[in-house]
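*Asks:* any chance you can model this:
(4 chains)
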Protein chains: 2
Amino acid sequence: MQEKNSIELIEYELTTFIRRAVYLDNSENKIGNLERSAYLLLRQLDEFGPARVKELAEAFKLDISTLSRQAAALENKKLISRSSDPSDGRVSLFDITPGGKQMLQTDKQMRLERYHSMLKDWSNEEKELFGKLLMRMNDAFID
Amino acid sequence: MQEKNSIELIEYELTTFIRRAVYLDNSENKIGNLERSAYLLLRQLDEFGPARVKELAEAFKLDISTLSRQAAALENKKLISRSSDPSDGRVSLFDITPGGKQMLQTDKQMRLERYHSMLKDWSNEEKELFGKLLMRMNDAFID
DNA sequence: ACTTTTACTTGTACTATACAACTATATATA
DNA sequence: TATATATAGTTGTATAGTACAAGTAAAAGT
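*Replies:* Below is the predicted model of the structure:
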């Protein structure tokens, strides 16, 4: 492996990270009960409150049809609830249910524990800085 | 959004990053011509030389059948070539072709440019540190 | 009232993946 | 050496996650 400049290293490692994360999502070491997409949807509703399909699609930059199905799947599992907007009959509003909150917290806790153990040798400073750099990168990601 | 500790922030941002990267892979802003899986496979062969299906599957921690299909698809596009191992008739060895190398370089360049522009406000020190931290994290990811 | 727009759902298709069944070859053993 | 077992890979089938296109129902515009 030849010398890499910083950008090359970052690109290399991020691509590798996605590969490994996707692997873990499918593996027997899979964390928690929720699919990645379900975890993100619940997290979104938990953090920002009730939302309609279109808002969710925009938040994730995914097609409305994709979110329509994901929401319907979570509704089926009673992790989110659907209510109609009284002022607009076309709109469904989704909100996280108590069961959904519970499930989200359980899964989040498991994910945190994994990162905790993965980064157990890191100093607090390193972890803080890493988090901040990731946040900056993600903010720059929006195009 | 309540105060997050470092681990929470890291978990949050990495999950978000995967979401956005997967979005970009499907969006019209998709970088390059190669699927993410194809890019990784070509990169692996380019970096480590010829390999058989089993080795590739192990390198990515994916099922042999998955790599068998991915390799067959790239072989079809003449981006990799198949040759048989003379000492073991069961084995196919795959290697990247000149066309594959070309395609890989093109795609890699586009990816690098995207990261370059995303991180254009970062100092060299920040970029270097970020790359190193990512590498450390990925190394810890192997379980 | 009619047309157009909007919000969502549903049909269809494709990538990425796993597992199971199968084929061909190699290795071990009786 | 003949047979059994193990290994490498391919192919059939299934599922998650996604997009696009067609369809439905409601709202807004003319």
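*Asks:* first-to-last residue distance for stretch A:43-58?
*Replies:* Terminal residues of stretch A:43-58 lie 15 Å apart, using Cα to Cα, to the nearest Å.
*Asks:* hmm, who's touching it?
*Replies:* For stretch A:43-58, the surrounding residues in contact (Cβ atoms under 8 Å, 6 or more residues apart in numbering or on different chains) are A:41, A:59-60, A:63-64, A:66-68, A:71, A:80, A:83, A:85, A:91-96, A:100-101, A:104, A:108, B:1, B:15. All C-beta atoms are positioned from the backbone trio N, CA, C, and that covers glycine.
*Asks:* in strands, which of those residues fall?
*Replies:* A:80, A:83, A:85, A:91-96 (DSSP state E).
*Asks:* give me the buried subset of these.
*Replies:* Taking 16 or more other Cβ atoms under 10 Å in any protein chain shown as the criterion, what is buried in those is A:80, A:92-94, A:96.
*Asks:* near the closest residue to residue A:136 other than its chain neighbours, how many other residues are there?
*Replies:* Of all residues not flanking residue A:136 in the chain, residue B:122 sits nearest, at 7.5 Å (Cβ to Cβ, 6 or more residues apart in numbering or on different chains). Residue B:122: 19 surrounding residues under other Cβ atoms under 10 Å in any protein chain shown.
*Asks:* quick check: phi and psi on residue B:122?
*Replies:* Main-chain dihedrals, residue B:122, degrees, to the nearest 10: phi -90, psi 150.
*Asks:* check whether stretch A:17-28 comes near chain B.
*Replies:* Yes - interface with chain B: stretch A:17-28 contributes A:17-24, A:27 (Cβ under 8 Å from any Cβ of the partner chain).
*Asks:* restricted to buried residues, select these in ChimeraX.
*Replies:* The buried subset of those, as determined by 16+ other Cβ under 10 Å, is captured in ChimeraX by this line:
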select /A:17,18,19,20,21,22,24
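*Asks:* want to throw the residues of stretch A:17-28 next to chain B into a markdown table with pLDDT?
*Replies:* A markdown table is the format used below for these (pLDDT from 0 to 100):
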| residue | pLDDT |
| --- | --- |
| A:17 | 91 |
| A:18 | 90 |
| A:19 | 89 |
| A:20 | 87 |
| A:21 | 87 |
| A:22 | 83 |
| A:23 | 84 |
| A:24 | 83 |
| A:27 | 77 |
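*Asks:* identify those among the residues of stretch A:17-28 next to chain B that sit within strands.
*Replies:* With DSSP E as the criterion, strands contain none of the residues of stretch A:17-28 next to chain B.
*Asks:* what about the residues of stretch A:17-28 next to chain B, which are in helices?
*Replies:* A:17-24 (DSSP state H).
*Asks:* nearest to residue B:114, of the residues you listed?
*Replies:* Taking Cβ to Cβ as the measure, residue B:114 lies nearest residue A:18 of those, at 14.3 Å.
*Asks:* alright, that wraps it up for me.
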